[in-house]
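Engineer: here's my sequence, what's the structure:
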Amino acid sequence: MTAPSPSTDAMNARLKKMVPDNGGKLTVAQLADALEKARFEQMARRIIARYDTKGDGTLTADDIASRQKKVFAMLDRDNDGKIEKNELPKGPGRHRQWDGEGNDGADGMQ
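Structural biologist: The predicted structure follows:
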């Protein structure tokens, strides 16, 4: 018999806490709510880690603007203040296909 994985141990610990916190019973709805909350909290942590320029664990408009400026500068390879089609990343799955007419293929118009 193999030992439980760390994620199984973590889930067991969460469940052991949740059952008594909910009167000794856990419904599907309660478990689903808890799982959804955990998923969104994990997503929020990743977003803040990616954008938080000051490292203070918060997300501000300045953090977002700073990230956007960095991405723009990285894409604007010739530093002319514009991003042209030939400066966009190439390859499948990287970005939606730009058709040069303002359509990115998101609405099926190409």
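Engineer: what is the helix or strand of the chain with the lowest mean pLDDT packed up against?
Structural biologist: For the chain, using mean pLDDT, DSSP states H and E, the weakest element among its helices and strands is helix 6-21, scoring a mean of 81. Applying 3 or more C-beta pairs under 8 Å, 6 or more residues apart in numbering; DSSP states H and E, one finds that helix 6-21 contacts helix 28-51. In this view, the C-beta of every residue, glycine as well, is placed from N, C-alpha and C.
Engineer: what inclination does the helix it packs on have with respect to helix 6-21?
Structural biologist: In this structure, helix 28-51 runs at an angle of 130 degrees to helix 6-21, with axes from the mean of the first three to the mean of the last three C-alpha atoms, to 10 degrees as the basis.
Engineer: that older thread, please compute how far the least confident helix or strand of the chain lies from its chain's middle.
Structural biologist: Centroid separation for helix 6-21 versus its chain: 24 Å, with C-alpha atoms, centre = their mean, to the nearest Å.
Engineer: check stretch 22-33 too.
Structural biologist: Here stretch 22-33 is found 27 Å from its chain centre; the criterion is C-alpha atoms, centre = their mean.
Engineer: what mean pLDDT does that stretch have?
Structural biologist: Taken as a whole, stretch 22-33 has an average pLDDT of 87.
Engineer: and it, how far apart are its ends?
Structural biologist: End-to-end distance of stretch 22-33 (C-alpha to C-alpha, to the nearest Å): 13 Å.
Engineer: how about residues contacting it?
Structural biologist: Contacts to stretch 22-33, defined as C-beta atoms under 8 Å, 6 or more residues apart in numbering, come from residues Leu15, Met18, Val19.
Engineer: so who does Asp9 touch?
Structural biologist: With C-beta under 8 Å, 6+ apart, Asp9 has no contacts at all.
Engineer: how does it look with 10 Å?
Structural biologist: With contact set as C-beta atoms under 10 Å, 6 or more residues apart in numbering, Asp9 has these partners: Ala3.
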